[in-house]
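Enquirer: Output the structure for:
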Amino acid sequence: MLDIIRRKQKSPIIRIIFWAIIFAFIGGAYLLYVDSDGRQSGTNRAALIINGAPVSMEAYQNTYQNLLSVYQQIYGQSFTPELERQLNLRRQAVLRLIEQQLLLAEAEKMKLEISNDELVAAIYAEPAFQMNGVYNKEIAERVIRKGYRMTPDQYKEIKKRELLILKVSEILTADVDVTDENVLTAFKNENDKVSLNFVQLLPQLFEGDVQLDEAELTAFFDANKEDFRLPEQVALRYIQFAPSRYEEKIQTPTLEDMETYYQRNLNQFEIQEQVRASHILVRVSESATEEQRQEKRALIDGYLTELNNGRDFAELARAVSDDTNNAPVGGDLGYIRRGTLPGDFEQTAFSLEPGQISSVVASPVGLHLIKVTERIEAGYKPLADETVAALVKEAIIREKGQALALEMATDAFKINQKTGDLAAAAEANNLGIKETGFFGPNDPIDGIGQSPELAAAAFNLSEGQLARPIETSAGIYLVTLKEKKPSRLPELGEVRPLAEQAYRAEKAVSLAKEKAEALLQKVQAGGSLSDAAAADKLTVENTGLFSASFGEFVPRLGTAPELADVAHQLTPEAPSADKVFFINGKQVVVELKERQDADMTQLTDAAKETMKQRLLREKQTTKLQETITLLQEAADLKIDPTLEDFINNEG
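Expert: Here you go, the predicted model:
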């Protein structure tokens, strides 16, 4: 598994410094390694052992939750369990811990330390702790306790670790350099631009033109028979122990029952901490110059002065805020929950008391002033609440009904396990036997629907075997095998519609390519793509201008590495590519519409220096990642089996 982790680490990297900040500040995420005397902090169980140094399971849990919180803030409502699986957050959390521990170990080898002066300077420079650009102890403590949800001592310890990682990172990347040639190449990559005309031919539109040839269809089917393999199928006989059948036998829950359920399921009744906040936004473009940024800062500092002198916040927001969505209502954002807004904005908002106004807060869209008007403290709806009490009663009855149904099914299983006599189990429980039709491993089951638990058990049954009770949301099932069909290769007649569809789809791709190649020949013969397309009643589209810095992405066409390689080599003298491209299931013909060379007068000394610093950071990040990869390959890494299972089951 650790080999997999090492390989994953070579994918496009996320800046180490970014992760250090995440570990330090999101949600009270203080990392728990070993104490100086070798004892483990936090929980006694080690999630990882890195070169002999244990990392606690609590550290992993904190790190995983922090990553989850960060991505929830980035993606908002778009963050789904499926996206979480795609991002491999469980594995990422392990990688982040390994990276950080390896860097801290390197710092220890180098005998690096963070002096008290360095620590104090870093804390004083933290914008979230400042009022009008000056460190404010009261604000700092409020942000640490309420925003970061930790003690000042915990924060200082984390800050030391962060600074130590920054220091060792700087040393490990000190030999990185950026030449003038690097700057020139990068400038041209970002500013030499092309615009392409293109025609897309969708194979599906040619399926109607495919003439079905029986001999060709048979040959196609024989060559691809494995694609049409019929899966193993089973049919079941079953009885269902429905919880609702037993609920009338359950006594009204006692107060003690209700209190026990309530305490065990407190999370269902949680009231999340919320603040009602308003803001004033001064929007700052990503492409703004330093001078423009300073002008914007001066503007919002002026607004803050007006507010400090007694100007009404809502009135000022209506007059000057660049957030047109809520400026008309005095900048009111409504109630905010944790994990819904960018980190610094959210942390500042939650550190304020009702009536307080923040200092200037930066976000990806600009600069903000925030006022909190109301606060709802975190807590739980009381059991005394009538609605809560009713929900608890219903849940207990439902839970006990499920438990009783499971008990009855388990008794029936034990009595009839040896004989596999489902009929006897049904008669003893006054239940009717039902049967399913044949179904595959991923198919819905007749009369039951989609049930992975039932399907998994069904395909492991032998003839005459009674399966252990299977618990589902619809009740408890006792099942036995009625009949099984093994997986097999079909005859053409059994899957003819599917085979014909696949045959037409393959032929349509060829027809679309032939049409595209004919179109390309007309263009290469001296015609324009527009004229050739018009003759065939095809639509010409345009990418718009894009540079080589887009990488493999081509606007309006998507990821297209072959075309991306060719696009910037096209010239007005040779405007068409010499081939048809197959991109995202479509045949594509392209032609250069416009070429726009970089304006070298824009590469001023100031622009060169800005680009040089950016390239330097990028090269430093790459160098740091290469170093970490080497350290990982040489490291002795052990992972807790339970954690390994947790990671492997992410998908």
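Enquirer: Keeping just the C-alphas, turn stretch 144-161 into CSV.
Expert: Extracted C-alpha coordinates of stretch 144-161, given in CSV (Å, rounded to 0.1, in the frame of the first residue of the first chain):
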residue,chain,number,x,y,z
ILE,A,144,-7.1,31.7,18.3
ARG,A,145,-9.7,30.6,20.8
LYS,A,146,-12.9,31.1,18.8
GLY,A,147,-11.7,31.0,15.2
TYR,A,148,-9.0,28.4,15.4
ARG,A,149,-10.6,26.7,18.5
MET,A,150,-7.3,26.1,20.4
THR,A,151,-5.3,27.6,23.2
PRO,A,152,-2.6,30.2,22.6
ASP,A,153,0.1,27.7,23.7
GLN,A,154,-1.2,25.1,21.2
TYR,A,155,-1.2,27.8,18.5
LYS,A,156,2.4,28.8,19.3
GLU,A,157,3.5,25.1,19.1
ILE,A,158,1.8,24.8,15.7
LYS,A,159,3.3,28.0,14.5
LYS,A,160,6.8,26.8,15.5
ARG,A,161,6.3,23.7,13.4
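Enquirer: May I see the buried residues of that stretch?
Expert: Buried residues in stretch 144-161, counting neighbours by 16 or more other C-beta atoms under 10 Å, are found at 144, 147, 148, 150, 155, 156, 157, 158, 159, 160, 161. C-beta coordinates here come from the backbone N, C-alpha and C atoms, glycine included.
Enquirer: Tell me where the stretch 551-651 of the chain has strands.
Expert: All strands of the stretch 551-651 of the chain, identified by DSSP state E, counting those that start in this stretch, fall at 553-554, 558-559, 581-583, 586-596, 637-639.
Enquirer: Ends of stretch 260-273, what's the gap?
Expert: 24 Å (C-alpha to C-alpha, to the nearest Å).
Enquirer: how far does stretch 98-117 stretch from start to finish?
Expert: So stretch 98-117: terminal residues 29 Å apart, C-alpha to C-alpha.
Enquirer: To clarify, my last question referred to stretch 462-474.
Expert: Note: stretch 462-474 ends 25 Å apart using C-alpha to C-alpha.
Enquirer: Offset the numbering so it begins at 841, please.
Expert: Sure thing, new numbering starts at 841, so read that last one as stretch 1302-1314.
Enquirer: For it, give me every contacting residue.
Expert: Contacts to stretch 1302-1314, defined as C-beta atoms under 8 Å, 6 or more residues apart in numbering, come from residues 1080-1082, 1242, 1246, 1249-1250, 1253, 1256-1257, 1260-1262, 1265, 1288-1289, 1291, 1293-1294, 1297-1298, 1301, 1316-1321, 1324.
Enquirer: what do you get for stretch 1243-1250?
Expert: Residues from elsewhere that reach stretch 1243-1250 (C-beta under 8 Å, 6+ apart): 1081-1083, 1085-1086, 1089-1090, 1269, 1309, 1311, 1315-1318.
Enquirer: Pull the distance from it to the chain's centre.
Expert: 40 Å (C-alpha atoms, centre = their mean, to the nearest Å).
Enquirer: now the helices: where do they sit in the stretch 1141-1290 of the chain?
Expert: Using DSSP state H, counting those that start in this stretch, the helices of the stretch 1141-1290 of the chain run over residues 1153-1160, 1183-1191, 1226-1256, 1262-1268.
Enquirer: Export the second one to CSV, keeping only CA atoms.
Expert: Read that as helix 1183-1191. Output in CSV follows, covering the C-alpha atoms of helix 1183-1191 (Å, rounded to 0.1, in the frame of the first residue of the first chain):
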residue,chain,number,x,y,z
GLY,A,1183,-11.0,30.4,5.6
ASP,A,1184,-9.8,33.8,6.7
PHE,A,1185,-13.2,35.4,6.1
GLU,A,1186,-15.0,32.7,8.1
GLN,A,1187,-12.4,32.6,10.9
THR,A,1188,-12.6,36.3,11.4
ALA,A,1189,-16.4,36.3,11.3
PHE,A,1190,-16.6,33.6,14.0
SER,A,1191,-14.1,35.5,16.2
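Enquirer: Now do that helix: which elements does it pack against?
Expert: helix 897-915, strand 1114-1123, strand 1201-1203, strand 1206-1216 (3 or more C-beta pairs under 8 Å, 6 or more residues apart in numbering; DSSP states H and E).
Enquirer: Please identify the buried residues of the following helix or strand past the first one?
Expert: Moving toward the C-terminus from helix 897-915, the next helix or strand (DSSP states H and E) is helix 921-927. Within helix 921-927, the residues that qualify as buried by neighbour count (16+ other C-beta under 10 Å) are 924, 927.
Enquirer: Show me the shaky parts of the protein.
Expert: 841-884, 913, 987, 1489-1491 (pLDDT under 70).
Enquirer: before we move on, back to that, tell me which of the helices of the stretch 1141-1290 of the chain sits most buried.
Expert: Burial of these is given as mean neighbour count (mean count of other C-beta atoms under 10 Å); helix 1183-1191 ranks first at a mean of 23.
Enquirer: how far off strand 1206-1216 does it point, in degrees?
Expert: Counting by axes from the mean of the first three to the mean of the last three C-alpha atoms, to 10 degrees, helix 1183-1191 lies at 30 degrees to strand 1206-1216.
Enquirer: What is the subsequent helix or strand relative to the helix or strand harbouring residue 944?
Expert: Using DSSP H and E, residue 944 falls within helix 929-949. Per DSSP H and E, helix 929-949 leads on to helix 956-964 as the next helix or strand towards the C-terminus.
Enquirer: The helix or strand that that following helix is followed by pairs with which strands, parallel or anti?
Expert: For helix 956-964, the following helix or strand on the C-terminal side (DSSP H and E) is strand 970-971. Looking at strand 970-971 with DSSP bridges, its partner strands are strand 974-975 (antiparallel).
Enquirer: Now whichever helix or strand comes after the partner strand: buried residues?
Expert: Using DSSP H and E, the next helix or strand after strand 974-975 towards the C-terminus is helix 977-982. Across helix 977-982, burial judged by 16+ other C-beta under 10 Å covers 979, 980, 982.
Enquirer: what's the answer for stretch 1105-1115, then?
Expert: 1109, 1113, 1114, 1115.
Enquirer: And for stretch 1081-1098?
Expert: In stretch 1081-1098, residues buried by neighbour count (16+ other C-beta under 10 Å) are 1081, 1083, 1085, 1086, 1087, 1090, 1093, 1097, 1098.
Enquirer: Return the subset of these lying in helices.
Expert: Using DSSP state H, the members of the buried residues of stretch 1081-1098 that fall in helices are 1097, 1098.
Enquirer: In strands, which of the buried residues of stretch 1081-1098 fall?
Expert: Counting by DSSP state E, the part of the buried residues of stretch 1081-1098 found in strands is residue 1081.
Enquirer: wait, which of the buried residues of stretch 1081-1098 is closest to residue 1198?
Expert: Nearest to residue 1198 among the buried residues of stretch 1081-1098: residue 1098, at 43.0 Å, using C-beta to C-beta.
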